[in-house]
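Visitor: based on what follows, work out the 3D shape:
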Amino acid sequence: MQSTVLVSAFAEIAREKDIDRDTLQVIVEDVFRTLIKKRYGADDPEAFEVIFNPDNGDYQIIHIRTVVEDYDLEDPVMQIEESAALEIDEDYEVDDEVAETIQINDFGRRAVQTALQTFRQRIRDIEKENIYRDYSELMNEIVVGEIYQTRRREVLVIHNKVELVLQKEGQIYKDRYRKGDMMRAVVEDVVPADQAGAGPQVVISRTAPVFIERLFELEVPEIYDGIVEIKKVVRMPGDRAKVAVVSHDDRVDPVGACVGVKGSRIHAVVRELGNENIDVIPWTKDKMEFIKRSLAPAKPIEVELHDELDPPRARVTVPADEVSMAIGRGGQNIRLASKLTGYELDVYRDIRSDEEDVEIGEFSDVIPAEMIRKLKNIGCDTAKAVLELSPDELARRTELPVETTLKIVMLMKAEFVDEEAEAKAEAKAEAEAEAEAEAKAAAAALLEVGILDAASEEASEEEAAEEAAADAEDGVVEEAVTAEDAGIEEPASGEALTDDVAADAAPTEDVATEETVATEAVAAEEAATEEPASEETPSDEAASDETAAEETASEDTAADAATPEENGIEDIASEESVDEAAEAEAEETDETEGEPAGI
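Guide: Residues are numbered from 1 along each chain as shown. As a prediction, this is how the structure comes out:
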């Protein structure tokens, strides 16, 4: 291999790896010294001098030796016999220095190949050092690269011809990666070559909290200029994040600066994070106020700090209808608030005086005292407070097994189920009592109506009796009440009633209409016309009056035995029937006054 070819190969590799001339000069000198050491077994800087010009590719290797007398040679690398020196130049004498140029071909082909491999190895080493140095300076800074390979647990990204690794832990679970797509990420760690093996490993991440900070710096000029400062960022990648900000200029609203006009600034950050919800919270030195703000959108009523505990805890009381809002879906809101404030937050419901709840201490007969203490430490001092947390969240906060917390939740639910059953039974009993009272009141009202109807019926009967007595005095009263009207079967004087006139005992209809009464009266007139009139004596008339009175008394007795509803309706019908019967008797009497008495 020609020396010019070797030097040009060195220069080409250096250009590909972006190696500067000073570094290239040092590398070439080191390669030549490696060749010298391999051939001569030593690399004494006083014996060998390497001269290299990186501009035009010229190089020169000089071997310097001291002239000694013949047979006094002790070190062939550092010394040369006088006879050998005279062959080079006749002017050399003992103790003179002989400078001899070494050609690259003098090392042999194999040595030259070794030198080339050594050169490449040195280039790789320098390249690794440069990568480690450059990306160490880019720590926690955003880089933009192209995805060129996706694996099961990692994604490889190319940035400035350097391979970056996006591990599973640094990926947002909502993201989908395709080869050729551009991606933003923040440099999270740089692993040295001696630990990584082949070379330094640059680890990037999209889930680190600092990634949100850098995105806000890109979108919000006030943060980049230092007017607005991001105090702390906590996040659950892909779901929710909380950012505490403070303004160093009273004229600038930190929250408004981060959100932007109509949310234009924060929407850009949200889109980059896969629609991750971001809560921007104004930071304050007041710990209690900062805890209240961190639980947004819930609005706590009271905060009580316990700094003496390890870790410090805070008791937060919120309205009953905002407990789920304060805890958040899956406990996201309260977890992020705890990380943001540095306090373990225990959320308590604001129990109203008229609200039913059960103190956790009342379960001491079935729950050990140690478990009750742990539940109280996390703010679960009542049964409903326990039910507001899932068994997994209870297990995480109390450090109890999930099976134990599941049993506790089931026990609390059973307590409220029993109370609900008792409440339903009491409500049912009260409803039944009210219905019974209403029924009794209705019955009393109907009974009162029935008594009034009976009194009016008695008055009507008295009027009818007075009219009958007046007719008897004139000698024209004649019995005209048929068996159907009286409700019993009664034979007529001198002969039995015909089958057409006989009827059933008492009418069964609930209401007797005027049409029915008129029909019965017409039937009675026809029956009286068909039968021969019989001569009635005053004694017979008296007997008829007594019989009518007995029938009226029997009807009154039957009316009193009926229900209040029947008394109120059938008595009115009976009264109308008696009036009609009296009118019919009067008409018959008028018709029979001129007829001769029968035999």
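Visitor: residues near Pro319, how many?
Guide: Counted with other C-beta atoms under 10 Å, the neighbours of Pro319 add up to 15. C-beta: built from backbone N, CA, C; applies to glycine.
Visitor: wait, it touches Glu302, no?
Guide: No. Counting by C-beta atoms under 8 Å, Pro319 sits too far from Glu302 to count as a contact (10.8 Å).
Visitor: and Ile147, what does it touch?
Guide: By C-beta atoms under 8 Å, 6 or more residues apart in numbering, the contact list for Ile147 reads Val155, Leu156, Val157, Tyr177, Arg178, Lys179, Gly180, Asp181, Met182, Met183.
Visitor: so in the chain, where's the weakest helix or strand by average pLDDT?
Guide: In the chain, no helix or strand scores lower on mean pLDDT, DSSP states H and E than helix 483-486, which sits at a mean of 40.
Visitor: how many neighbours does Val243 have?
Guide: 25.
Visitor: can you read off the backbone torsions of Leu389?
Guide: Backbone torsions for Leu389, taken as degrees, to the nearest 10, come to phi -110, psi 150.
Visitor: was I right about it contacting Cys380?
Guide: Yes. Leu389 is in contact with Cys380 according to C-beta under 8 Å; the separation is 6.9 Å.
Visitor: spatially nearest residue to Gly331, not counting backbone neighbours?
Guide: With C-beta to C-beta, 6 or more residues apart in numbering as the criterion, Gly331 has its nearest non-adjacent residue at 4.9 Å, and that residue is Glu393.
Visitor: tell me, how many residues neighbour that neighbour?
Guide: Neighbours around Glu393, by other C-beta under 10 Å: 17.
Visitor: surely Val77 is in a strand?
Guide: No. Counting by DSSP: H, G, I helix; E, B strand; the rest coil, Val77 falls outside a strand, being coil.
Visitor: quick one: contacts for Leu73?
Guide: Gln79, Ile80, Glu81.
Visitor: hang on, Pro200 packs against Val187?
Guide: No. Counting by C-beta under 8 Å, Pro200 stays clear of Val187, with 11.8 Å between them.
Visitor: common neighbours of these two, please.
Guide: Here Pro200 and Val187 share the contacting residues Tyr135, scored by C-beta under 8 Å, 6+ apart.
Visitor: which positions within stretch 188-197 qualify as buried?
Guide: Neighbour-count burial for stretch 188-197, counted by 16 or more other C-beta atoms under 10 Å, picks out Glu188, Asp189, Val190, Ala193, Ala196.
Visitor: need those in CSV (columns: secondary structure and distance to Ala468).
Guide: As requested, the buried residues of stretch 188-197 are exported to CSV (DSSP: H, G, I helix; E, B strand; the rest coil; distance: C-beta to C-beta, whole Å):
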residue, secondary structure, distance to Ala468
Glu188, strand, 121
Asp189, strand, 125
Val190, strand, 130
Ala193, helix, 137
Ala196, helix, 132
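Visitor: nearest to Asn333, of those residues?
Guide: Using C-beta to C-beta, Glu188 is the member of the buried residues of stretch 188-197 that lies nearest Asn333, at 26.3 Å.
Visitor: what sits against the closest one?
Guide: Glu188 makes contact with Met139, Asn140, Gly170, Val203, Ile204, Ser205, Ala208 under the criterion C-beta under 8 Å, 6+ apart.
Visitor: what about 10 Å?
Guide: Residues near Glu188 by C-beta atoms under 10 Å, 6 or more residues apart in numbering: 139-140, 165-167, 169-170, 202-208, 210-211.
Visitor: could you do Glu93 as well?
Guide: Val67, Glu82, Ala85, Leu86.
Visitor: so which bits of the helix or strand containing the third one are buried?
Guide: According to DSSP states H and E, Ala85 maps onto helix 82-88. With burial defined by 16+ other C-beta under 10 Å, the residues of helix 82-88 counted as buried are Glu82, Ala84, Ala85.
Visitor: take those residues and write them to JSON lines, including pLDDT.
Guide: Below are the buried residues of helix 82-88 laid out as JSON lines (pLDDT from 0 to 100):
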{"residue": "Glu82", "pLDDT": "83"}
{"residue": "Ala84", "pLDDT": "84"}
{"residue": "Ala85", "pLDDT": "84"}
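Visitor: thinking again about what came up before, elements contacting the helix holding Ala85?
Guide: When contacts are defined as 3 or more C-beta pairs under 10 Å, 6 or more residues apart in numbering; DSSP states H and E, helix 82-88 packs onto strand 58-68, strand 79-81, strand 97-102.
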